[in-house]
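here are the coordinates; sequence isn't available:
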RNA sequence: GCUGCUAUAGUGUAGUCCGGCCAAUCAUUUCGGCCUUUCACGCCGAAGACUGGGGUUCGAAUCCCCAUAGCAGCACCA
């Protein structure tokens, strides 16, 4: 006989709290950062980093820094400065401080000189190709043994603009015998004359491993969560930390994330926009946050989906289904219901009394009120439903009809009001619209446009997500033209 | 090629550190059923996984070895 408390213990289902794993060294709060490169708007891949960091800052308390990493003028889109901020606001991140790396070049120069003086870096004037070969053979390049004075002089020469592009760089002295060739004397600064940076005038540019290490330390960053493509960078940055004697933050690297059906590469998206394949950054076939927003995906759904994925190191293929499910949870209780008739066919109804249908704006919340749909003799019905040749139909919130067809022309005949009749006959209950007050509506889906008609009341829903009954959720994008434009969200 | 990381149902995820409570969690998905004047929501039920092979052990998803697969890095990108 087992002890009663043991029996109870065994009977208990294991509790699984869905939460991100704890972070070490977080007792006194954390300082974290989201550090995008302003090369375009944010996409789902960015959202993962942004939300994960945000979630930890909120969990442990502390500071969340947005750091714009614009140290490569080749990968800066002036428009992106604005877009990134917009996207972050949309996501609802609790950012406490914004830092632009292009404002901090003097700082980087100062620490570069310091690092050189500490013997942690040297100026390399080798040909790129040549250095790479030497690196593979674990041999020092001719610049490596130069004296401190010579290095400082060369550094001044670099800053004075006396080198052309590619003629000189600053390298961090690591370990030439390191088993990973990627670690051996990696570069920290380069010279660039083209293109010009949109925010500053400079020819000596820091490379990310240097600027990131200096900034993470100076800004007091305690924890870094980023993709595993940065694992090697973390190791490289450690050299810089060690030279300066700085305390190393806690790092976490999550796995690579792909999304079925879309490319999450800013450069590829840009190319597609340029070639006309996509209409813009918010083209609904793209994985940008603005595309999702346009389709009616809510920021909270993105956040939820991303937290659900977590910080695992496994490579994952993100499924739209999971995002849609998260969004449906959020959107279903708030979205008003309307009729949308795709591919409408006007049909006359025989013998039915004129009347007004009262359809609930939300079935689970009658207090919200109704839409009034006047029936005056003929209605629009979806082509697809008529094509099924149903003997009996019920027009939702109206009445039952029998259907007859004559050489492709359909005719409906009034068959009573009783819902039970329709139920008993297993008649489909379908959406409809009065012919005289239906508004043209284009429902834009990723796989193509669907022309139809919808209720006039939809005009009031500009910018919000509605549910087109039996069709799915959609965001009303534009009501100004002669037809309403809606973007399909999901079923 | 070199260096490193990872491997649980269609998808995502828990469990792996400290082997037994795992006949493996939760969500999504799919399929039934109920509810319902939507093919939404809600409720009930079902389906579906420990990459493979060795080893250690009374006992392995969990520890060890090998294999395989995927990924990342080896840029004067981030």
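Looks like it arrived, so ask away. No experiment lies behind these values; they were computed from the predicted model shown.

low pLDDT regions in chain A?
Scanning chain A for pLDDT under 70 picks out the ranges A:1-18.

outside of the longest helix anywhere in it itself, list whatever touches it.
Across chain A, the helix with the greatest residue count (assigned by DSSP state H) is helix A:44-60. Applying Cβ atoms under 8 Å, 6 or more residues apart in numbering, the external contacts of helix A:44-60 come out as A:20, A:23, A:26, A:29-30, A:32-34, A:36, A:42, A:63-64, A:87-88, A:91, A:93-94, A:223, A:225-227, A:254, A:257, A:259, A:264, A:287-289, A:292, A:302-303, A:306-307, A:309-311, A:318. (C-beta placed from N, C-alpha, C; glycine too.)

quick one: residues in contact with the following helix or strand past that helix.
On the C-terminal side of helix A:44-60, the nearest following helix or strand under DSSP states H and E is strand A:62-68. With contact meaning Cβ under 8 Å, 6+ apart, strand A:62-68 is reached by A:29-36, A:38, A:53-54, A:57, A:81, A:84, A:88, A:93-102, A:215, A:219-222.

try it again at 6 Å.
A:29-35, A:38, A:57, A:94-100, A:219 (Cβ atoms under 6 Å, 6 or more residues apart in numbering).

drop anything exposed from those residues.
When burial is judged by neighbour count using 16 or more other Cβ atoms under 10 Å, the buried members of the contacts of strand A:62-68 are A:30, A:31, A:32, A:33, A:34, A:35, A:38, A:57, A:95, A:99, A:219.

how about the residues of the stretch 251-400 of chain A by RNA strand B?
Contact residues of the stretch 251-400 of chain A with respect to RNA strand B, defined by Cβ under 7 Å from any atom of the strand, are listed as A:255-256, A:308-310, A:312-319, A:321-322, A:324-325, A:328-329, A:332-333, A:337, A:363-364, A:385, A:394, A:396-398.

and those, which of them are in strands?
Where those overlap with strands, as defined by DSSP state E, the overlap consists of A:316, A:317, A:318, A:337, A:394.

tell me if residue A:238 really is in a helix.
Yes. Assessed with DSSP: H, G, I helix; E, B strand; the rest coil, residue A:238 lies in a helix.

what about the nearest residue to it once chain neighbours are set aside, distance to RNA strand B?
If you skip the residues right next to it in sequence, residue A:238 has residue A:248 as its closest partner in space, 6.3 Å away by Cβ to Cβ, 6 or more residues apart in numbering. Computed as Cβ to the nearest atom of the strand, to the nearest Å, the residue A:248 to RNA strand B distance reads 17 Å.

same deal with residue A:153?
When distances are taken as Cβ to the nearest atom of the strand, residue A:153 and RNA strand B turn out to be 19 Å apart.

again, but for residue A:246
Between residue A:246 and RNA strand B the distance, using Cβ to the nearest atom of the strand, works out to 20 Å.

so which strand or helix has that residue?
With secondary structure defined by DSSP H and E, residue A:246 is part of neither a helix nor a strand.

surely residue A:383 meets residue A:343?
Yes. Here residue A:383 reaches residue A:343: they are 4.0 Å apart, a contact under Cβ atoms under 6 Å.

the stretch 151-300 of chain A: strands as residue ranges?
A:169-172, A:187-191, A:204-206, A:223-227, A:250-254, A:257-259 (DSSP state E, counting those that start in this stretch).

can you list those in CSV and add mean neighbour count?
CSV is the format used below for those (neighbours: other Cβ atoms under 10 Å):
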stretch, mean neighbour count
strand A:169-172, 24
strand A:187-191, 22
strand A:204-206, 23
strand A:223-227, 20
strand A:250-254, 17
strand A:257-259, 16
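
looking at the ones you listed, which is nearest to residue A:139?
strand A:169-172 (13.9 Å; Cβ to Cβ).

tell me what that closest one is packed against?
For strand A:169-172, the packing partners by 3 or more Cβ pairs under 6 Å, 6 or more residues apart in numbering; DSSP states H and E come out as strand A:121-124, strand A:187-191.

do the longest one and RNA strand B come into contact?
Yes. With Cβ under 7 Å from any atom of the strand as the criterion, RNA strand B is reached by strand A:187-191 at A:187, A:190, A:191.

against residue A:406, how distant is the closest residue to the second one other than its chain neighbours?
Read it as residue A:190. Excluding the flanking residues, the one nearest residue A:190 by Cβ to Cβ, 6+ apart is residue A:169, at 5.0 Å. Spatial separation of residue A:169 from residue A:406 under the definition Cβ to Cβ, to the nearest Å is 82 Å.
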